[in-house]
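> What shape does this take:
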Amino acid sequence: MLELGKAGEAGAGKGEVPVLRDGERVGLLRSTDFWKETSVAVVGDREWVLGRRSGGALVGRWAVDPGDAARIRAEQASVWKGTWRVDLEGTAVDVVPASYWKGTYRFTVGERTVADSGSTGGWSPRPTLTAAGEDLTLDAQVFLLWLVLVLQRRTYGVAIGTALAAGVVGGSS
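Residues are numbered from 1 along each chain as shown. The predicted structure is shown next:
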């Protein structure tokens, strides 16, 4: 199981979040712009640039690739169903909500589940990703973990915005 650690732990620097497998760091995630949904992921000796393109696609490319390259791409398949389609360097992965309440997702290739997302729980839950078997490379798993983080941030942002508009939180008396 992969999980996002806490900022600065497991040898991560300031502004970096470790990607952990069984408590051991296997990568780093560094957000470069929260609002533009851009990050840098370091997996092994490779640096990935992750971000949102105009049109809404979320893409991943190696840092040495041209700026318009996309080795990995995620596009929303259905706004109403909350489904996504991910192209992991030629492997098509469908992303469907496993639980709207928990903000978890199931990742499938055809009829076969290749991964599930979860949460560390607690007051500050962080996303987790459990891959089934050897179907996904570590690079692909880190991208999917980042995708879950982005989707959870979007959901959380919508929930806060709706609550603010309704006067449930942050309202003045």
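> need the contact list for the nearest residue in space to residue 150 that is not next to it in sequence.
Ranked by Cβ to Cβ, 6 or more residues apart in numbering and with sequence neighbours excluded, the top spatial neighbour of residue 150 is residue 37, at 5.3 Å. No exception for glycine: its C-beta is placed from N, CA and C like everyone else's. By Cβ atoms under 8 Å, 6 or more residues apart in numbering, the residues touching residue 37 are 51, 52, 58, 150, 153.
> Now the phi/psi pair for the third one, please.
As for residue 58, its main-chain torsions (degrees, to the nearest 10) stand at phi -100, psi 130.
> how close does it sit to residue 154?
Distance of residue 58 to residue 154, given as Cβ to Cβ, to the nearest Å: 11 Å.
> Name the residue in those two with the higher neighbour count.
Shown here are residue 58 and residue 154; by other Cβ atoms under 10 Å, residue 58 has more neighbours (23 against 12).
> quick one, helices of the protein?
Secondary structure of the chain, counting by DSSP state H: helices at 138-166.
> Low-confidence bits of the protein, can you list those?
Low-confidence segments of the chain (pLDDT under 70): 33-35, 156-173.
> can you give me the strands in it?
With strands called from DSSP state E, the chain shows them at 2-4, 16-21, 24-33, 38-43, 46-52, 58-62, 72-78, 83-88, 91-99, 104-109, 112-119, 127-131.
> any residues touching the first one, and which ones?
Strand 2-4 is contacted from outside by 17-21, 26, 29, 120, 126-131, 141-142, 145, 149, using Cβ under 8 Å, 6+ apart.
> Go again with 7 Å.
17, 19-21, 29, 120, 126-129, 141, 145, 149 (Cβ atoms under 7 Å, 6 or more residues apart in numbering).
> PyMOL command to pick out the buried ones of these?
Buried residues among the contacts of strand 2-4 (16 or more other Cβ atoms under 10 Å), as a PyMOL selection:
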select buried, resi 17+19+20+29+126+127+128+129+141+145+149
